[in-house]
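Participant: after the sequence you'll find the predicted model.
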Amino acid sequence: MNEPESTRVRWILIGWIFVLSAVGYLDRVNIGIAGGSIMHDFHFDKVQFGWIQTFFVGAYALFQAPAGRLADRVGPRRILALAVIWWGIFTSLITVVPVFTAAFVVIIAIRFGLGVGEAVMYPAANKIVAAWIPSRERGLANGLIFAGVGFGAGITPPLIAYIMSRYGWHASFWFSSFIGLVAGGIWYAIGRDTPREHPWVNTSEAQLIEAGLPAPETVPKAHLSWAEILSNKDVVVVTLSYFTYGYAAFIFFGWFFIYLNQVRGVDLKKSALLSMLPFIAMAVGSSAGGWLSDVITKAYGKRSGRSLLAAGAIGLSAILIALGTRIADTNTAVVYLAGGAGALYLSQSSFWSVSADIGKKSAGSVSGVMNMGAQTGSAITATLTPYIGAHFGWNASFLVAAALCACGAVAWLFVNPIESQSEVRI
């Protein structure tokens, strides 16, 4: 009797996490597109608007590690569903703030709350990857998850600009909120913490997944302590590299549309179209990088497929971003800058695959610590970028990001995922 064909439920879940990833970035990038209207209505300047973004990213960074621990303890299904519903609520709250003296403080508090909820997204997703995805498929799985970042951020500029032009910026936030609530409900219905809990998974798929996970004797029975996580060399180095990654990436998420519209003098419609290019490049780079990481890992080992690929990709990003600042023609400059964003995202799956391998049962906590590094970089970018732009020119803002990327590329040369994979206690 023939064995039944293996189900592929793991890829259905990864596909829906791609959707949640896109929704998360829709909820955070929409304020960048609506920024001009919000600043006009509330009489904010660019520095004040930068602080609003900083508090969002600050909360997002601060709660990464606690969110990862929650995912480890409570389980990614419930905590991620709750988080997405939280996003929906906090996304819509900005629309009911009246124009009054304390509006600046109230909006900061709302964006801080949104950052707290969104902090759950990727540590919980990495917990799903650690439980559901065999090691040989993790590059592609993480690549697809983070392709949602580029997809969500890419469709946001024209979508939000379209809604704003017809119904105002308030309606764009209501739309984002509604999408989040629906996506969270669907995730709770189809998601499970482990393959054995899912009614759609047959025995063949469960065995395939379990055969590709770390051997039981290499997985700690208890969750790793914070001291064990923070004392691991590879965790520290990857976190430092992810800091530089986050700094560079947030320029595109937080300031690129405003840079095109107000610094390069591109009109609203064309800015919305041109600002899609870095995010399309991110989506392509993330998927291609994940696939390439698995292919190289299979052929040459994790040192090449994870560490060296990441080092080369981030180094290429530094070069392209730096070149983009030297080009006067806006269209050509955008192509180089978008190429830099895409190259940056070629390395994305390496970060999350290595953190899942290191963390094993504590993948949520380890990836939360790592992502806290990226979001700390993002928080600094949110405020520092307009400051550098105002005092030294916007080219200098991008050159700082390029220099940090170069440092992040070098850091990956000191990461050995083979050693991390073999350690029982970290």
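Facilitator: Looks like it arrived, so ask away. Everything quoted here is computed from the prediction, not taken from an experiment.

Participant: and the next helix or strand past the helix or strand containing residue 351?
Facilitator: Secondary structure from DSSP states H and E places residue 351 in helix 348-359. Next along the chain after helix 348-359, taking DSSP H and E as the criterion, comes helix 363-392.

Participant: if you count contacts, what does the helix or strand following that following helix end up packed against?
Facilitator: Per DSSP H and E, helix 363-392 leads on to helix 394-412 as the next helix or strand towards the C-terminus. Here helix 394-412 touches helix 233-250, helix 309-325, helix 330-346, helix 363-392, going by 3 or more Cβ pairs under 8 Å, 6 or more residues apart in numbering; DSSP states H and E. (C-beta placed from N, C-alpha, C; glycine too.)

Participant: mind redoing it with 7 Å?
Facilitator: The contact analysis (3 or more Cβ pairs under 7 Å, 6 or more residues apart in numbering; DSSP states H and E) places helix 394-412 against helix 233-250, helix 309-325, helix 363-392.

Participant: just the buried residues of that helix, please?
Facilitator: The neighbour-count check on helix 394-412 (16 or more other Cβ atoms under 10 Å) flags 394-395, 397-406, 408-409, 411-412 as buried.

Participant: any idea how far that helix is from the chain center?
Facilitator: Here helix 394-412 is found 18 Å from its chain centre; the criterion is Cα atoms, centre = their mean, to the nearest Å.

Participant: average pLDDT across it?
Facilitator: Mean per-residue pLDDT for helix 394-412: 93.

Participant: numbering from 43 from now on, please.
Facilitator: Noted, 43 is the first residue going forward, which turns the last one into helix 436-454.

Participant: ok, residue 419 touching residue 283?
Facilitator: No - look at residue 419 against residue 283 with Cβ atoms under 7 Å: they stay out of range, at 10.1 Å.

Participant: more neighbours: the two, which one.
Facilitator: residue 283 (31 against 26; other Cβ atoms under 10 Å).

Participant: quick one, what contacts the more buried one?
Facilitator: 450, 453-454 (Cβ atoms under 7 Å, 6 or more residues apart in numbering).

Participant: go through those residues and name the one nearest residue 268.
Facilitator: For the contacts of residue 283, the residue nearest residue 268 by Cβ to Cβ is residue 453; the value is 21.7 Å.

Participant: nearest residue to that closest one other than its sequence neighbours?
Facilitator: Nearest in space to residue 453, with sequence neighbours left out and distances taken as Cβ to Cβ, 6 or more residues apart in numbering, is residue 283 at 4.0 Å.

Participant: which of the buried residues of helix 436-454 lies closest to residue 46?
Facilitator: residue 454 (41.8 Å).
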